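> Got a sequence here, can you model it:
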Amino acid sequence: MSATTTPHPKGTAGGNRRRRRGPRTWLAALPLLAFTGLCFGIPLGAIAFGAVTRTDPATGAVRPTGEHLARSLQGPYLGSLIGSVQLSALTALVGGLLGVLIAQAVVTSRSTALRSAALTASGVLANFGGVPLAFAFIATVGISGVVTQLADLGGLGWSLYSFTGLTVVYLYFLIPLMVLVIAPALDGLRPQWREAAQNNGATAGQFWRHVGLPVLAPSLLGGFVLLFGTAFAAHATAAALVGGSVPLVTLKIADALSGNVLTGQENVALALGLDMILIAGLVMAVYLPLQRRSARWLR
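Okay, the predicted model is just below:
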């Protein structure tokens, strides 16, 4: 008579282990959650509260109002939001395209030194911004810049202190950022896929149209969204270069916080900040799912 054995319920045991591990995982994440709530939750609550309330200067009473949010979507404030969205979309599109081309050249290069140098430089340039970047461009292609004088750019209609000039400056740090974002995804394209496509008679264009681009699409869209958010939130570079000549929401917020508003509109800056947070939230809501989907394909 043969003995029978009962198989060990591995799935159930694994599920129990995962369930037992759950509370410990949450406990380990408590410091991060507390830090996030302290550094992001409290400021966000303060901005939201100030954007939807108004304090009576005579009595000090606080009452809810939608006046600040309404003003933030009218007149020059609305124009600044539109200007920021236009600048961010343009620089993200151009920077994403150029960044992909540079990253593809770096990834397919057989030179390890070139790859290392390109990625290292991209990491440095992607974080080079603010007033130092503005000063570098002013000294180079400003009104009295070295390149402007040598190439007579002024006679060609070039102006650094315009929408076009600001676009060029933003591309300086957005293109390297795209290189860093898309290079791992390009590395994830397996050579076997290209070989299989060639063995089946597919051309290089067909491979990219039917295999490469569909696989890279989440990373490409995610990179575009990341570049858009970076340009949308930039302030110091634009403030040093164009001041108020180019309508941007970050510059309007700075003006409002410095007191350059009419009486009773002090909280418009908070309303504009809330508008930016909502737009950034929408951007991240698109970016994170795309990154997760891309990670599943390129594992």
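
> For residue 207, see how far away residue 201 is.
Distance of residue 201 to residue 207, computed by CB to CB, to the nearest Å: 11 Å. Backbone N, C-alpha and C define where each C-beta goes, glycine included.

> wait, residue 135
Counting by CB to CB, the gap from residue 135 to residue 207 is 45 Å.

> And for residue 50?
In this structure, residue 50 and residue 207 are 54 Å apart, going by CB to CB.

> what are the ranges of the helices in the stretch 101-250 of the chain?
Counting by DSSP state H, counting those that start in this stretch, the stretch 101-250 of the chain has helices at residues 112-125, 130-141, 146-151, 163-187, 191-199, 204-207, 213-233, 236-241, 249-257.

> List the neighbours of the second one that are in contact with it.
Okay, so that is helix 130-141. Contact partners of helix 130-141, identified using CB atoms under 8 Å, 6 or more residues apart in numbering, comprise 145-148, 153, 158, 160, 165, 168-169, 172-173, 236-237, 240-241.

> repeat for the last one
Outside helix 249-257, the residues that touch it by CB under 8 Å, 6+ apart are 76-77, 80-81, 83-84, 233-235, 238-239, 242-244, 261, 265-266, 268-269, 272-273, 275-276.

> Buried only: go through the residues you listed for me.
For the contacts of helix 249-257, a burial check counting by 16 or more other CB atoms under 10 Å picks out 77, 80-81, 83-84, 234, 238-239, 242, 261, 266, 268-269, 272-273, 275-276.

> Out of these, which sit inside helices?
Cross-referencing the buried ones among the contacts of helix 249-257 against helices under DSSP state H gives 77, 80-81, 83-84, 238-239, 268-269, 272-273, 275-276.

> how does the chain divide up, domain by domain?
Domain assignment for the chain by automatic domain parsing gives 9-64, 75-295.

> Need those domains in JSON lines (columns: mean pLDDT).
As requested, the domains of the chain are exported to JSON lines (pLDDT from 0 to 100):
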{"stretch": "domain 9-64", "mean pLDDT": "73"}
{"stretch": "domain 75-295", "mean pLDDT": "85"}
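
> ok so, going back, in CSV, list the helices of the stretch 101-250 of the chain along with distance to residue 40.
Shown next, in CSV, are those (distance: least, CB to CB, whole Å):
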stretch, distance to residue 40
helix 112-125, 25
helix 130-141, 22
helix 146-151, 41
helix 163-187, 22
helix 191-199, 41
helix 204-207, 43
helix 213-233, 14
helix 236-241, 21
helix 249-257, 18
